[in-house]
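Enquirer: build me a model from this:
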Amino acid sequence: MRIVHVSDCFAPRTGGIESQVGDLAARQAAQGHEVHVLTATLGEGGERAGVVDVERGVHVHRLGARLPFDLPVNPLGGPRLLTRALTGVRPDVVHVHAGVVSPFAYDGIRLAARAGLPTAVTWHCMLDGVVGALRLGARATRLPTHRLALSAVSSAAAEHVRAAFGRPVAVVPNGIDVAAWAPRPAGATEPPAGPVRLVSTMRLAPRKRAVPLVELVADAADRAGHDRLRLDVIGSGPAAGAVESAVRRRGLEQVVRLRGRLTREQVRDAYDDADVFLAPAELEAFGIAALEARTAGLVVLARTGTGIASFVQDGVDGSLVGSDAAMADAVVALVEDPALLAQRREHNRRVPPAFDWSDVLAGAQQEYERAQALVRAA
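Expert: From the prediction side, this is the model:
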């Protein structure tokens, strides 16, 4: 099958969509499919305006323009380059990966549908606050949603997509290599002898809520004792300065360690030395970092109403809470009850979640077949 993925963001940018699209495309190529990625993200050397690289067996078409802050958009030439690429590749299916602000992806949906190509669209976001705007936009542009195979990365995200378009929405979750993230034999599940080791991996951006994370950990440390817990924050981004300031303001220099951006292998190693993963974001459509931590055997504390509920059951794998104060309470509870922490860690090490790439590839293939059937029936 000749598959085209359309995504505003792609490597070398880092993030959830970029990693998922890259891994999905590479694994499809390894299965023998001809796979192309059309993206507005420039290459490592600034490749743009139609340059094609082959990365991990995938043809990556760099269709972006050089703009301030390396924004992954091409407002003037993007539609023309997209049309040229789609015409040249002649795909059997187009798989568009969309977020709340995805002008390149939305162009891809419009152009692929106009060309009569089977089109699957996966939303990697929660669409909070924009459902009405999307509904109006689809009507204004006469988008043929009846010919699109719509999906989202979690049931929570799918509810918003369904509300926006009034069409059936499947769930195609993000995937990981479960074996690669599985607990290692050396990991301990007995009550920790030293401080409880907390970790959070995220892009340091406001919507991921790294500063509120520091604040809630500070509240927990004030109650449980600064010597009884430690937090590693893994990641980089525009909010890094604000996070550093919050650590100093709350006197957490001996509690919080800002580790910056790490490779996947380094993150995996970091989880060997951790007990609990904290996910403070309120608009988390899936939570790939939380899934990796859960697979590695960590207890997960996350917000209710997010995609993390797909693989974390409250009171079993961790806790789903409704506020930052409640997350601080959950941290204190684990610090003060080492046996409870050990019990949940033992469960998570013993019971893996069901989000391996084999499941995700099968789900994507089903959506491609559904997209083809919708075009035939139109």
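
Enquirer: my read is that residue 260 contacts residue 243, right?
Expert: No: the pair residue 260 / residue 243 is not scored as a contact, 10.9 Å apart, by Cβ atoms under 8 Å. Where C-beta positions appear, they are placed from N, C-alpha and C, glycine not excepted.

Enquirer: neighbour count: the two, which is higher?
Expert: For residue 260 and residue 243, the more surrounded residue by other Cβ atoms under 10 Å is residue 243, and the numbers stand at 19 against 10.

Enquirer: wait, a helix at the more buried one?
Expert: Yes: under DSSP: H, G, I helix; E, B strand; the rest coil, residue 243 falls within a helix.

Enquirer: for residue 357, give me its contacts.
Expert: Applying Cβ atoms under 8 Å, 6 or more residues apart in numbering to residue 357 gives the contacts 23, 27, 175, 176, 177.

Enquirer: in three-state terms, label residue 37 for me.
Expert: Three-state call for residue 37 (three-state DSSP): strand.

Enquirer: I should have written residue 300 there, sorry.
Expert: At residue 300 the chain is in strand, as set by three-state DSSP.

Enquirer: so how far is residue 280 from it?
Expert: As for residue 300, its distance to residue 280 is 12 Å (criterion: Cβ to Cβ, to the nearest Å).

Enquirer: which stretches of the stretch 1-150 of the chain have low pLDDT?
Expert: Filtered on pLDDT under 70, the stretch 1-150 of the chain yields the residue ranges 68-71, 73-76.

Enquirer: and the strands in it?
Expert: With strands called from DSSP state E, counting those that start in this stretch, the stretch 1-150 of the chain shows them at 2-7, 34-39, 51-55, 58-62, 93-98, 119-123, 148-152.

Enquirer: packing partners of the second one?
Expert: Pointing back at strand 34-39 there. If you count contacts as 3 or more Cβ pairs under 8 Å, 6 or more residues apart in numbering; DSSP states H and E, strand 34-39 packs onto strand 2-7, helix 16-30, strand 58-62, helix 78-89.

Enquirer: rewinding a little: which two in the contacts of residue 357 are spaced the farthest apart?
Expert: Greatest spacing in these, by Cβ to Cβ: 27 and 176 (11.5 Å).

Enquirer: shouldn't residue 65 be in contact with residue 47?
Expert: No: counting by Cβ under 8 Å, residue 65 does not reach residue 47; the two are 11.7 Å apart.

Enquirer: returning to what we had before: please pick the buried ones from the contacts of residue 357.
Expert: Among the contacts of residue 357, those buried by neighbour count (16 or more other Cβ atoms under 10 Å) are 23, 27, 175, 176.

Enquirer: how about the residues you listed in TSV, adding distance to residue 55?
Expert: Shown next, in TSV, are these (distance: Cβ to Cβ, whole Å):
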residue	distance to residue 55
23	12
27	13
175	19
176	20
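
Enquirer: low-confidence regions, the stretch 201-350 of the chain specifically.
Expert: Using pLDDT under 70, the stretch 201-350 of the chain has no residue that qualifies.

Enquirer: please enumerate the helices of it.
Expert: Under the criterion DSSP state H, counting those that start in this stretch, the stretch 201-350 of the chain carries helices at the ranges 210-224, 240-249, 264-272, 288-295, 324-336, 338-350.

Enquirer: check the stretch 51-200 of the chain too.
Expert: Taking DSSP H, counting those that start in this stretch as the test, the helices found in the stretch 51-200 of the chain are 78-89, 103-114, 131-140, 155-165, 178-181.

Enquirer: which other helices and strands contact the shortest one?
Expert: It refers to helix 178-181. Applying 3+ Cβ pairs under 8 Å, 6+ apart, one finds that helix 178-181 makes contact with helix 264-272, helix 288-295.

Enquirer: contact partners of it?
Expert: By Cβ under 8 Å, 6+ apart, helix 178-181 touches 268, 271, 292, 295, 296, 352, 353, 355, 356.

Enquirer: so which of the helices and strands packed on helix 178-181 is nearest residue 123?
Expert: Nearest to residue 123 among the helices and strands packed on helix 178-181 is helix 288-295 (14.7 Å), distances taken as Cβ to Cβ.

Enquirer: now the closest one and helix 338-350, what's the angle there?
Expert: Calculated by axes from the mean of the first three to the mean of the last three Cα atoms, to 10 degrees, helix 288-295 forms an angle of 100 degrees with helix 338-350.

Enquirer: what does the domain assignment say about this structure?
Expert: 2-175+356-377, 178-350 (automatic domain parsing).

Enquirer: endpoint to endpoint, the first one covers what distance?
Expert: Which is domain 2-175+356-377. End-to-end distance of domain 2-175+356-377 (Cα to Cα, to the nearest Å): 21 Å.

Enquirer: what's the answer for the shortest one, then?
Expert: When the termini of domain 178-350 are compared using Cα to Cα, they are 13 Å apart.

Enquirer: can you give the distance of it from its chain's centre?
Expert: Centroid displacement of domain 178-350 relative to its chain, using Cα atoms, centre = their mean, to the nearest Å, is 16 Å.

Enquirer: with the first one instead?
Expert: For domain 2-175+356-377, the separation from the chain centroid amounts to 14 Å (computed by Cα atoms, centre = their mean).

Enquirer: to residue 149, which of the helices and strands packed on helix 178-181 lies closest?
Expert: Closest approach to residue 149 among those is made by helix 288-295 (22.1 Å; Cβ to Cβ).

Enquirer: list the contacts of residue 288.
Expert: So residue 288 contacts 16, 19, 20, 174, 176 (Cβ under 8 Å, 6+ apart).

Enquirer: how does it look with 6 Å?
Expert: Residue 288 sits next to 16, 174 when contact means Cβ atoms under 6 Å, 6 or more residues apart in numbering.
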